[in-house]
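*Asks:* got a predicted structure here, sequence first:
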Amino acid sequence: PAYIEKLSQHEASELSSLKLNSGSLHIKKSGLASPVDLCRANISAFPDNIKTIFSQNILSLEKIGSNWSAIDASGANIASAPVVIINNASDANNFTQTNWVPLHKVRGQLTYLPARNLNIQKMLCYDGGYISPEINGFNYIGATYNRTNMSTDVTIEDHKENIENLKKVIDIGDVDYNNLQGRVSFRAGVPDRRPVIGAVPDINAFLDDYTDLKHGRLNKA
């Protein structure tokens, strides 16, 4: 496609203003967005249309009349609306409407590298990670990929993994691993690694309607 171009090592180095060790693919119209800032901007722009409720543990979703209700552990109705968007990663399996989706947790640790005049102008992705342009005094490097470790603790070992993957692409000099900051989050993965998006089906009706469809083939009597 026209919005993706393949670059040689020299072309990629010139475009990124970095001395890269390999060529790259350049996605011309890609960008970088802060989810937190984006949400704050929407809340500020539409104060009469958006009501925010924080620090609530929703135990279940129930259809009451024409609205869905978010119910907490005490049975209280926290909020109601005609449409619910389930956007809580692998915790979507906590709801009966989506507990059949084959989700799994994947641990990822980010490394906050204090800015060191790397002059990174574009988001740089590579085998094993990525590095952001400078944001508030840091370049953000990520991220590890671990399906067995469910700890939320930031570790030096994961910082080293992130930094060593970056060093295969550009020279960033020596790094003091003991004083690095970071963050751990959990991705929601599925077996085919495709996005999970769209209307949630009635799973029982779905299985009934497509019971004869196996491995992409319709079994006929």
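*Replies:* Here it is on my side, so go on. Numbering: from 1, shown residues only.

*Asks:* in terms of secondary structure, what does the longest strand along the chain contact?
*Replies:* In the chain, assigned by DSSP state E, the strand with the most residues is strand 104-114. Under the contact criterion of 3 or more Cβ pairs under 8 Å, 6 or more residues apart in numbering; DSSP states H and E, strand 104-114 touches strand 138-142, helix 156-167, strand 181-189. Yep, even glycine has a C-beta here, placed from its N, CA and C like the rest.

*Asks:* of these, which is nearest L213?
*Replies:* Across those, L213 has its closest neighbour in strand 181-189 (24.9 Å, Cβ to Cβ).

*Asks:* give the buried residues for that closest one.
*Replies:* Within strand 181-189, the residues scored as buried using 16 or more other Cβ atoms under 10 Å are G182, V184, F186, A188, G189.

*Asks:* pretty sure the second one contacts M150?
*Replies:* Right, the one you point to is V184. No: at 9.7 Å, V184 does not count as touching M150 under the criterion of Cβ atoms under 8 Å.

*Asks:* identify the contacts common to those two.
*Replies:* R107 (Cβ atoms under 8 Å, 6 or more residues apart in numbering).

*Asks:* beta partners of F186?
*Replies:* R107 (DSSP bridges).

*Asks:* that one against H104, yeah?
*Replies:* No: taking Cβ under 8 Å as the definition, F186 is not a contact partner of H104, at 9.7 Å.

*Asks:* so what's in contact with those two at the same time?
*Replies:* With Cβ under 8 Å, 6+ apart as the test, F186 and H104 both reach S90.

*Asks:* quick one, strands of this structure?
*Replies:* Using DSSP E, strands in the chain cover 4-7, 24-27, 58-64, 67-72, 77-81, 104-114, 124-126, 129-131, 138-142, 181-189, 213-214, 217-218.

*Asks:* summarise which helices and strands the third one is packed against.
*Replies:* Using 3+ Cβ pairs under 8 Å, 6+ apart as the contact definition, the elements that strand 58-64 packs against are strand 67-72, strand 77-81.
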